[in-house]
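Q: no letters, just coordinates:
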């Protein structure tokens, strides 16, 4: 099943920005060795990728919800719609925890509104997530989205302590 948004390398690089973030990811885009081969008599690892992500990026709500034509009322925060390389970045447990919390909140909103989860309005979900203390994006993502009132919450990111002062 595939959602209406597939997170890709361009999201990890900040070249594409989801307009409905439900959490942040920031881990390196990585893919482990696919095989070991002999080249000129030496063993070489093939297929290893390790590329840093420059800044946290938002994960779209539409990545955890399959398109309605595929399956209604299902959220899949761990098996989200992602390219192979993007999944290497988004696959960390803290991200899965944020996405799972967002999935539960979205399900509650859908139940309250008596609507399929695919029809949950992002603005309602966003407000509910922010009320729960989730950080949905950074100031850098705000700038990329071009509409800070729509997108996100300023503040600490990924466990950074607040600066006293």
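A: Alright, I've got the coordinates. Keep in mind that what you see is a predicted model, and the values were worked out from it rather than measured.

Q: let me see the ranges of the helices in this structure.
A: Counting by DSSP state H, the chain has these helices, from start to end: 9-12, 84-90, 93-113, 122-131, 139-145, 148-151.

Q: look up phi and psi at residue 4.
A: phi -70, psi -10 (degrees, to the nearest 10).

Q: what number of residues lie near the closest residue to it other than its chain neighbours?
A: Nearest residue to residue 4, sequence neighbours excluded (C-beta to C-beta, 6 or more residues apart in numbering): residue 62, at 4.3 Å. Glycine gets a C-beta too; all of them are placed from N, C-alpha and C. Each residue near residue 62 was counted by other C-beta atoms under 10 Å, and the total is 22.

Q: residue 52 too?
A: Neighbours around residue 52, by other C-beta under 10 Å: 12.

Q: nearest spatial neighbour of it, chain-adjacent residues omitted?
A: Counting by C-beta to C-beta, 6+ apart, residue 28 is the residue found nearest to residue 52 once chain neighbours are left out, at 5.4 Å.

Q: I figured the one you found hits residue 48, correct?
A: No. Applying C-beta atoms under 8 Å as the test, residue 28 and residue 48 come out as separate, 11.7 Å apart.

Q: what's the span of stretch 44-54 from first residue to last?
A: This stretch, stretch 44-54, spans 28 Å end to end (C-alpha to C-alpha, to the nearest Å).

Q: what comes up buried for it?
A: residue 53 (16 or more other C-beta atoms under 10 Å).

Q: and that stretch, average pLDDT?
A: Mean pLDDT, computed over stretch 44-54, is 85.

Q: sketch out the low-pLDDT regions of the protein for me.
A: For the chain, the stretches with pLDDT under 70 are 139-165.

Q: go again with 80.
A: Along the chain, segments meeting pLDDT under 80 span 48-49, 137-165.
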